[in-house]
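Asker: Got a predicted structure plus its sequence, pasted below:
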Amino acid sequence: MKIFSGTSNKPLAYKIAKSLGIKLSDLEVFVFPDGEKRIRILDKVLGEDTIVVQSTSTPTDENYMQLFFIADALKRSGAKSITAVVPYFGYQRQDHVFREGEAVSGRVVAKILETLGINNLIAVDLHSTKIEQAFNIRVSHLSALSIFAETIKKNGWDKSSATLVSPDMGGIKRIKILSKMLGNMPFAVIEKSRDLATGKVTAEKIEGKVEERAIIVDDMISSGGTIALAAKILKKQGIKEIYVFAAHPVFSDKAPKILQKSEAKKVFVTDTIFTPVEKRFPKLEILSVAEMIAASLSS
Ligand code: R5P
């Protein structure tokens, strides 16, 4: 088995390789003056099962192109199989037509990956099952919820004083699974709506009773608007402690500042996307999905 990494999340790839007890194999990413890239596999892969780790986070298109080229290079070098580990799957939110005339971008990238001969895909906390269904190859859909449950337990937050909160209706399934993992911790849902043209988020009310401690759970944080709004509503309702758990730290624009300034005491995310130093903030804590991915790769 040989494991390679694109450039989007090398620290995670190293950790996965370490958990598997193997070294990261070499590949060259050469950038031409015009920005085009040339990928070259520097290790022998003939007849080998290969893994490529690449989060398709910002810059999404560049990271996808790298993944496409690495897969092509592996195939041409005679790899027996290719498993793409895409901890954060870019374009996953565009999984169906929201408004007439739109492309279904998530499906487009799924089709390309299949065409390139990728045999298996490992992804973490996909926004919905629609992306999984877009593939005809084996998709292992992992979830950081078990890591969140462990962290919640370690902190001693239990169902007597804490309520799980989904910041929108779309997150109900997620919150129900986590609630079960935590011995039926109570949950509540915020009714949120988003303007499809501007992306602006508004929230109306909370469905359900919230205890003194609220644990907001979401799949990703992009602008930080959803979380900041949810925390504000909860604070207004008199909730004393607010914590946030989200799998993917997309952290676009001013998200780190918005989150640091928000009513949340702490924001837990994972390393599905690499968070550079300039995007880290005092309230942030990063949990690792490396061992979970390594376990899936060796099963
Ligand atoms: C939306 O359905 C997702 O689950 C997230 O709540 C959303 O993508 C977060 O985006 P933002 O941080 O920009 O509000």
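Answerer: Good, I have the coordinates.

Asker: how about the residues of the stretch 51-200 of the chain near the ligand?
Answerer: Residues of the stretch 51-200 of the chain lying near the ligand by CB under 6 Å from any ligand atom: P167, D168, G170, G171. To be clear about C-beta, it is placed using only N, CA and C from the backbone, and glycine gets the same treatment.

Asker: check contacts around the third one.
Answerer: Right, G170. G170 makes contact with S128, according to CB atoms under 8 Å, 6 or more residues apart in numbering.

Asker: what about the protein, any weak spots by pLDDT?
Answerer: For the chain, applying pLDDT under 70 flags the ranges 203.

Asker: What ranges does it have for its strands?
Answerer: Shown for the chain, the strands assigned by DSSP state E span residues 2-5, 27-31, 37-41, 49-53, 81-86, 120-124, 138-142, 162-166, 187-194, 201-207, 213-221, 241-249, 266-270, 284-287.

Asker: Give me the helices and strands touching the fourth one, please.
Answerer: With contacts defined as 3 or more CB pairs under 8 Å, 6 or more residues apart in numbering; DSSP states H and E, strand 49-53 has these neighbours: strand 2-5, helix 10-20, helix 60-76, strand 81-86.

Asker: one step back: which entries within the residues of the stretch 51-200 of the chain next to the ligand meet the buried criterion?
Answerer: Buried positions within these, assessed by neighbour count (16 or more other CB atoms under 10 Å), are P167, D168, G171.

Asker: For beta bridges, what are the partners of R138?
Answerer: Listed by DSSP bridges, the beta-bridge partners for R138 are N120.

Asker: Contact partners for it?
Answerer: By CB under 8 Å, 6+ apart, the contact list for R138 reads N119, N120, L121.

Asker: now A294
Answerer: With contacts taken as CB under 8 Å, 6+ apart, A294 has the following neighbours: I16, S19, L20.

Asker: V139: which of those residues is nearest?
Answerer: Using CB to CB, I16 comes nearest to V139 of the contacts of A294, at 17.7 Å.

Asker: what's the neighbour count on that closest one?
Answerer: Neighbours of I16 under the rule other CB atoms under 10 Å: 28.

Asker: That one is in contact with A295, isn't it?
Answerer: No: in this structure, I16 sits apart from A295 without contact. The criterion is CB atoms under 8 Å, and the distance is 10.0 Å.

Asker: Out of the contacts of R138, which end up buried?
Answerer: When neighbours are counted using 16+ other CB under 10 Å, those contain these buried positions: N120, L121.

Asker: Export the contacts of R138 to TSV and append columns for distance to M220.
Answerer: Rendered in TSV, the data for the contacts of R138 read as follows (distance: CB to CB, whole Å):
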residue	distance to M220
N119	27
N120	23
L121	18
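
Asker: and which of the contacts of R138 is nearest the ligand?
Answerer: Using CB to the nearest ligand atom, L121 is the member of those that sits closest to the ligand, with 20.5 Å.

Asker: do you know how far the closest one is from E241?
Answerer: When CB to CB, to the nearest Å is applied, the distance between L121 and E241 equals 38 Å.

Asker: Check L27 too.
Answerer: For L27, the distance to E241 equals 46 Å [CB to CB].

Asker: Tell me which of the two has more neighbours.
Answerer: Regarding L27 and E241, a neighbour count based on other CB under 10 Å identifies L27 as having more, with 21 against 17.

Asker: Lovely, talk soon.
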